[in-house]
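Engineer: Next come a sequence and a model predicted from it.
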Amino acid sequence: MKVTNDEVLQPPIQTVYTDDDGDHRSREDGKKEGGHSPVLPPELEQQIFTMGFHEDEQMVECCNLLLVAKRAFEWIAPLVYQVVIIHSARRWPPMGLKSHKLPRYGRYVHHLLLEDGRQHEYLTHCPNITNLALVHLRDTSAMHSDGWKALATLPLRELSIDIRNLPTTPQLILLFSRITHLDLAYFAPWPWHALDALSHFTSLTHLMMMSDSCTDDDINRITNRIPHLKVFIIVRYVREYKMFETVWIDKLSDPRVVTLTCTFVAHWQATAQGLDSENPWLFAEGVIARRQRYSDC
């Protein structure tokens with residue numbers, strides 16, 4: 001039998017495929033199964049997949065990585081759904097997170113901005129939220145009782161909510177005592193007389209409010225209720241995506257007060273995604289630190 005050079009040089013064809021469990025298996029030219037082909041270390045493979053994920057407007061294409069294999073899903077899903085925005089001005093991730101998908105994806109959500117009226121559904125199925133904005137909830141009496149129960153169990157550190165009509169159950173008061181960053185600016189102009197609820201936020205270090213005008217007496221009425229306050233932002237929101245310090249309130253002597261112009265939803269998202277240059281809290285901290293350096297000179 002004559003053997004050609006091509007037949008001598010051609011190695012057996014190795015086909016690598018992935019089964020339903022996400023495991024690599026190989027077979028030689030479809031004739032036999034069972035042998036394992038060399039694969040990348042799981043840590044390196046995970047790094048490659050996560051490097052291919054981009055948290056930008058092209059995320060929809062990146063979400064195709066979820067369909068590659070079970071293990072790829074476990075690596076990519078926490079990145080896709082760690083920040084969720086359901087708002088009339090913006091939806092994130094771009095394909096959204098419908099309520100019927102919450103049992104599967106809710107555990108990945110750590111930052112949630114919600115304008116939807118079904119707060120209790122999201123709060124119940126997203127047990128790992130650390131940063132929450134309930135911008136639709138201007139009348140807190142409309143919150144479903146299950147929503148308040150779910151809210152009380154969350155590991156929250158940052159909160160944006162209208163606190164004027166909050167229920168004060170022991171469980172919620174315990175939750176409020178753990179909040180360090182409180183944003184009230186979306187619900188403004190803020191009535192300065194409605195401040196009693198701030199006394200429940202005993203760990204608060206950062207506060208944001210909106211006001212067209214205020215005095216040192218107004219500031220003192222708030223800061224006296226918050227013993228650990230380090231940053232107090234008085235903000236006004238604009239539609240354009242920009243953030244800068246703007247002085248429209250004069251003669252405020254408290255060095256912790258920073259007057260700021262920014263965009264609510266866009267800068268909330270930037271903060272949740274870890275974009276430090278677009279984070280109003282960090283921006284204000286920088287302003288206060290510079291003031292301190294100048295005063296020490």
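Structural biologist: Sure, I can see it.
Engineer: from here on, contacts and neighbour counts on C-alpha atoms
Structural biologist: OK.
Engineer: and Leu182, that's in a helix?
Structural biologist: No - Leu182 is assigned strand when assessed by DSSP: H, G, I helix; E, B strand; the rest coil, not a helix.
Engineer: From Ala72, how far off is it?
Structural biologist: Distance, Leu182 to Ala72, by Cα to Cα, to the nearest Å: 36 Å.
Engineer: ok, the two, which is more surrounded?
Structural biologist: A direct count of neighbours by other Cα atoms under 10 Å for Leu182 and Ala72 places Leu182 higher, at 25 against 17.
Engineer: Could I get the full set of helices for the stretch 151-297 of the chain?
Structural biologist: Under the criterion DSSP state H, counting those that start in this stretch, the stretch 151-297 of the chain contains helices at 170-176, 216-223, 264-272, 280-296.
Engineer: quick one: which of those helices is nearest Ser99?
Structural biologist: Judged by Cα to Cα, the one of the helices of the stretch 151-297 of the chain that comes nearest to Ser99 is helix 264-272, at 20.3 Å.
Engineer: Show me what the closest one is packed against.
Structural biologist: In terms of contacts (3 or more Cα pairs under 8 Å, 6 or more residues apart in numbering; DSSP states H and E), helix 264-272 is packed against strand 83-87.
Engineer: contact partners of the helix or strand just after the strand it packs on?
Structural biologist: The helix or strand immediately downstream of strand 83-87 is strand 90-92, counting by DSSP states H and E. For strand 90-92, the external contacting residues (Cα atoms under 8 Å, 6 or more residues apart in numbering) are Val83, Val84, Ile85, Ile86, Val265.
Engineer: got CSV for these, with neighbour count, pLDDT and distance to Gly106 too?
Structural biologist: Supplementary listing: these in CSV, determined by neighbours: other Cα atoms under 10 Å; pLDDT from 0 to 100; distance: Cα to Cα, whole Å:
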residue, neighbour count, pLDDT, distance to Gly106
Val83, 22, 94, 11
Val84, 24, 94, 10
Ile85, 24, 93, 13
Ile86, 18, 90, 14
Val265, 21, 87, 21
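Engineer: Looking at those, which one is closest to Tyr105?
Structural biologist: Val84 (10.7 Å).
Engineer: about what we covered before: any idea which of the helices of the stretch 151-297 of the chain is most buried?
Structural biologist: Mean neighbour count (mean count of other Cα atoms under 10 Å) peaks for helix 264-272 among those, with a mean of 19.
Engineer: and the angle from it to helix 280-296?
Structural biologist: Calculated by axes from the mean of the first three to the mean of the last three Cα atoms, to 10 degrees, helix 264-272 forms an angle of 80 degrees with helix 280-296.
Engineer: Which residues does helix 264-272 contact?
Structural biologist: Taking Cα under 8 Å, 6+ apart as the rule, helix 264-272 contacts 83, 85, 89-90, 111, 131, 186, 237, 241, 276, 278-280.
Engineer: Tell me the buried residues within those.
Structural biologist: Neighbour counting by 16 or more other Cα atoms under 10 Å classes Val83, Ile85, His111, Asn131, Tyr186, Tyr237, Glu278, Asn279, Pro280 among these as buried.
Engineer: Spatially nearest residue to the first one, not counting backbone neighbours?
Structural biologist: Nearest in space to Val83, with sequence neighbours left out and distances taken as Cα to Cα, 6 or more residues apart in numbering, is His111 at 4.7 Å.
Engineer: And the pLDDT for that neighbour?
Structural biologist: Here the pLDDT value assigned to His111 is 97.
Engineer: So for Leu123, what's the nearest residue that isn't a sequence neighbour?
Structural biologist: Distances taken as Cα to Cα, 6+ apart put Ala150 closest to Leu123, at 5.6 Å, once the chain neighbours are dropped.
Engineer: what residue ranges in the protein score low on pLDDT?
Structural biologist: Counting by pLDDT under 70, the ranges of the chain that qualify are 1-38, 46, 48-69, 116-117, 136-144, 165, 186-194, 240-243, 245-251, 297.
Engineer: Pretty sure His111 sits against Cys126.
Structural biologist: No - assessed by Cα atoms under 8 Å, His111 is found out of contact with Cys126, at 9.6 Å.
Engineer: still on that earlier bit, let me know the secondary structure of the residue nearest to Leu123.
Structural biologist: Ala150 - assigned by three-state DSSP - is helix.
Engineer: and it, how many neighbours?
Structural biologist: 19.
Engineer: And for Thr130?
Structural biologist: Thr130 has 17 neighbouring residues, counting by other Cα under 10 Å.
Engineer: one step back: need the contacts of strand 90-92 in JSON lines (columns: distance to Asn224).
Structural biologist: Putting the contacts of strand 90-92 into JSON lines (distance: Cα to Cα, whole Å) gives the following:
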{"residue": "Val83", "distance to Asn224": "34"}
{"residue": "Val84", "distance to Asn224": "35"}
{"residue": "Ile85", "distance to Asn224": "34"}
{"residue": "Ile86", "distance to Asn224": "35"}
{"residue": "Val265", "distance to Asn224": "29"}
